[in-house]
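Chemist: coords please:
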Amino acid sequence: MKLKNYLLKFSLYASVALIGACGVNYVSNKNLEDFISSNENSIETKVIYGEDNRKDLYSVNNDRAKKFEASVVGLTRKSRVVKKSNGNYTVLVNSYGKERQLCKSERFYDQKMTTHCSGVLINKNTILTAGHCIPDLKKCKDTTFVFGLTKHKKNQNINYSDVPANNVYQCKGVVYTVAELGGLDFAVVTLDRNVKNRKGLSYRQFGQPKKGDDLFMIGKPSGLPTKVTEAGKLHSLSLSILRTDLDAYGANSGSPIFNTKTGDIEGILIRGALDFVYDRNENCFRSHVCDYVKKDTQCTGEEATRISKVLPYLPTRLNLFEESPGIDIPDSPADGIYSSLTIESDTNYSEIFVHIDIEHTWTGDLTVSLTSPSGDSITLVDNSGSAGDNLKVTLGNDKELQQELIRLAESGLVGNWKLKVSDGFSRDVGVLNRWALELK
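Modeler: So this is what the prediction gives:
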């Protein structure tokens, strides 16, 4: 059941009304009303699927997630962040368990709520979030972006009364925002200054994810300290939307969803199913748990805007060297085609990836190789004669191939890199649309 809090202001969080087994139950909470009503365009409902996989950072083993956390930001109303005489900030908090009238067995009951949406740093001063979080410039100017607020140790007490100035940023402008009911939903925002000591995260630019791909998410469920949610799957995808079973709550809107294999952002969380259900026996609210994902039910899955729809509005990625030759690939027994790109200066990197976008009616016919400026070559794709339409992939996630790419670059990055594509079998033909080298 797709629900939006700004359409159900009095039925979910503010003066909470939730559908239970026997009807509608109301719980009044003035503090929570004020908190939610001030952000009614921002908070949407989400849900737990199977086991609750939300984790504080100190209990996460995923090295990528631990590294990426620093680039995830919480959005809160400007009036809730107060500047101090020492230049740092106090961030106002709300009690999660008490003010949501949750059952005491609920996870994170004693933690604090601070933010109403999540977002991610894309480059030095650009944030990607949900469009309903930042529907216009006025809302953006009334929003403060706060990094950190994360539990790095189990017994850590986050100091909300003295948040470093380098963690707090204001809105400078809106590059683009859209929030369609049931459709596209994203916003690209520029901050008032460059973010210090945090890196913009990479996102998919070539190809597309596949049903069944493993996913993880980082964000601020219910406005809590940063949580990493793992063990998600991609259940379905359309041209604009991904549907997943990631565990998410209100205020996760705008959270980046990552491909576990590649580490690239696949989408931005925007909506999902109901968060809490009322326990009549205990007179409190419990997390809504689903054992399945099925569209048009109360366990609809969590939806995300695909990153492919955001790409035209994002800044050019650094260390991405791309060519779009649009060259026809001749059929066998022709020798094949070459496309070159030039890297003009050295740069620091620890990983190399090759992005390929080829249209072909039988990709098993193809052999693809890469030659470095020094003349050394490796094979990226070796034809097997197997079936498959189109080759739109990122290569380098395999450990063995990554090692080969690193060795290929050891003699130097600067110069012309050549991609060769040849067709080893007859009848099927195609086109090399785009390819790129990315240094991370």
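Chemist: rest of the way, CA atoms for contacts and neighbours
Modeler: Will do.
Chemist: measure residue 180 to residue 271 for me?
Modeler: Distance from residue 180 to residue 271, counting by C-alpha to C-alpha, to the nearest Å: 11 Å.
Chemist: quick one, which of these two is more surrounded?
Modeler: Between residue 180 and residue 271, counted using other C-alpha atoms under 10 Å, the more crowded position is residue 271 (31 against 10).
Chemist: which one is the more buried one nearest to, not counting chain neighbours?
Modeler: Of all residues beyond its chain neighbours, the one nearest residue 271 is residue 303 (5.3 Å), with distances taken as C-alpha to C-alpha, 6 or more residues apart in numbering.
Chemist: hmm, who's touching the host helix or strand of the one you found?
Modeler: The secondary structure element spanning residue 303 is strand 302-306 (assigned by DSSP states H and E). For strand 302-306, contacts defined as C-alpha atoms under 8 Å, 6 or more residues apart in numbering pick out 46-47, 184-186, 239-246, 248, 257, 266-273.
Chemist: got it, and stretch 348-366?
Modeler: Residues outside stretch 348-366 that contact it (C-alpha under 8 Å, 6+ apart) are 206-207, 381-397, 402, 405-406, 421-425, 428-440.
Chemist: if we go to 6 Å?
Modeler: 383-396, 422-425, 428-440 (C-alpha atoms under 6 Å, 6 or more residues apart in numbering).
Chemist: Centre of the chain to that stretch, how far?
Modeler: For stretch 348-366, the distance between its averaged C-alpha position and the chain's averaged C-alpha position is 23 Å (C-alpha atoms, centre = their mean, to the nearest Å).
Chemist: what does stretch 118-129 give?
Modeler: For stretch 118-129, the distance between its averaged C-alpha position and the chain's averaged C-alpha position is 10 Å (C-alpha atoms, centre = their mean).
Chemist: Then stretch 152-164?
Modeler: Between the mean C-alpha location of stretch 152-164 and the chain-wide mean there is a distance of 25 Å, by C-alpha atoms, centre = their mean.
Chemist: now the helices for the protein?
Modeler: Taking DSSP state H to define them, one finds helices in the chain at 30-37, 63-68, 96-99, 137-141, 399-409.
Chemist: Figure out which of those is closest to residue 415.
Modeler: For these, proximity to residue 415 was assessed by C-alpha to C-alpha; helix 399-409 is nearest, at 10.8 Å.
Chemist: Can you give me the buried ones in the closest one?
Modeler: With burial defined by 16 or more other C-alpha atoms under 10 Å, the residues of helix 399-409 counted as buried are 401, 402, 404, 405, 406, 408, 409.
Chemist: Which residue, neighbours along the chain excluded, lies closest to the most centrally placed residue in the chain?
Modeler: Centroid-nearest residue in the chain: residue 256, 1.8 Å away (criterion: C-alpha atoms, centre = their mean). Using C-alpha to C-alpha, 6+ apart and skipping the chain neighbours, the partner closest in space to residue 256 is residue 268 (4.8 Å).
Chemist: ok, so what distance separates that neighbour from residue 192?
Modeler: Using C-alpha to C-alpha, which is the criterion applied here, residue 268 is 22 Å from residue 192.
Chemist: cool, residue 212 as well?
Modeler: 39 Å.
Chemist: what is the rounded mean pLDDT of the strand holding residue 303?
Modeler: When pLDDT is averaged over strand 302-306, the result is 95.
Chemist: List the pairing partners of that strand within its sheet, with orientation.
Modeler: Partner strands for strand 302-306, per DSSP bridges, with pairing direction: strand 241-244 (antiparallel), strand 265-271 (antiparallel).
Chemist: For the closest residue to residue 188 other than its chain neighbours, give me its contacts.
Modeler: Spatial nearest neighbour of residue 188, excluding adjacent residues (C-alpha to C-alpha, 6+ apart): residue 128 at 4.8 Å. Contacts of residue 128 were listed using C-alpha under 6 Å, 6+ apart, and they are 119, 120, 187, 188.
Chemist: from the residues you listed, which ones fall inside strands?
Modeler: Judged by DSSP state E, these include 119, 120, 187, 188 as members of strands.
Chemist: ok, of those residues, which come out buried?
Modeler: Neighbour-count burial (16+ other C-alpha under 10 Å) is assigned, among the ones in strands among the contacts of residue 128, to 119, 120, 187, 188.
Chemist: need the contact list for the last one.
Modeler: Yep, that's residue 188 we're talking about. Residues in contact with residue 188, defined by C-alpha under 6 Å, 6+ apart, are 127, 128, 175, 176.
Chemist: how far away is it from residue 175?
Modeler: The spacing between residue 188 and residue 175, counted by C-alpha to C-alpha, is 5 Å.
Chemist: can you check the second one too?
Modeler: Taking C-alpha to C-alpha as the measure, residue 120 falls 15 Å from residue 175.
Chemist: which non-adjacent residue is nearest the residue of the chain most remote from its centre?
Modeler: In the chain, the residue that sits farthest from the middle, by C-alpha atoms, centre = their mean, is residue 333; the gap is 43.8 Å. What sits nearest to residue 333 in space, not counting adjacent residues and going by C-alpha to C-alpha, 6+ apart, is residue 424, at 6.7 Å.
Chemist: Quick check: that neighbour touching residue 332?
Modeler: Yes - applying C-alpha atoms under 6 Å as the test, residue 424 and residue 332 come out as touching, 5.3 Å apart.
Chemist: Please spell out the segments of the stretch 251-400 of the chain that come in under the pLDDT threshold.
Modeler: Per-residue confidence for the stretch 251-400 of the chain (pLDDT under 70) gives these ranges: 318, 384-387.
Chemist: and stretch 404-412, how far out from the chain's middle?
Modeler: A distance of 30 Å separates the C-alpha centroid of stretch 404-412 from that of its chain, computed with C-alpha atoms, centre = their mean.
Chemist: just to revisit the earlier point, just the buried members of the contacts of residue 188?
Modeler: Counted by 16+ other C-alpha under 10 Å, the contacts of residue 188 give 127, 128, 176 as buried.
Chemist: Tabulate the residues you listed in CSV, adding columns for pLDDT and distance to residue 291.
Modeler: Formatted as CSV, the buried ones among the contacts of residue 188 follow (pLDDT from 0 to 100; distance: C-alpha to C-alpha, whole Å):
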residue, pLDDT, distance to residue 291
127, 98, 33
128, 98, 31
176, 97, 37
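Chemist: From the contacts of residue 188, which land in strands?
Modeler: Using DSSP E, 127, 128, 175, 176 are the members of those that sit in strands.
Chemist: and which of the residues you listed is nearest to residue 54?
Modeler: Ranked by distance to residue 54 (C-alpha to C-alpha), the ones in strands among the contacts of residue 188 are led by residue 128 at 21.6 Å.
Chemist: quick one: residue 249 and residue 111, what's the gap?
Modeler: 15 Å.
Chemist: ok, these two, which is more surrounded?
Modeler: Under the criterion of other C-alpha under 10 Å, the comparison of residue 249 against residue 111 puts residue 249 first, with 27 against 18.
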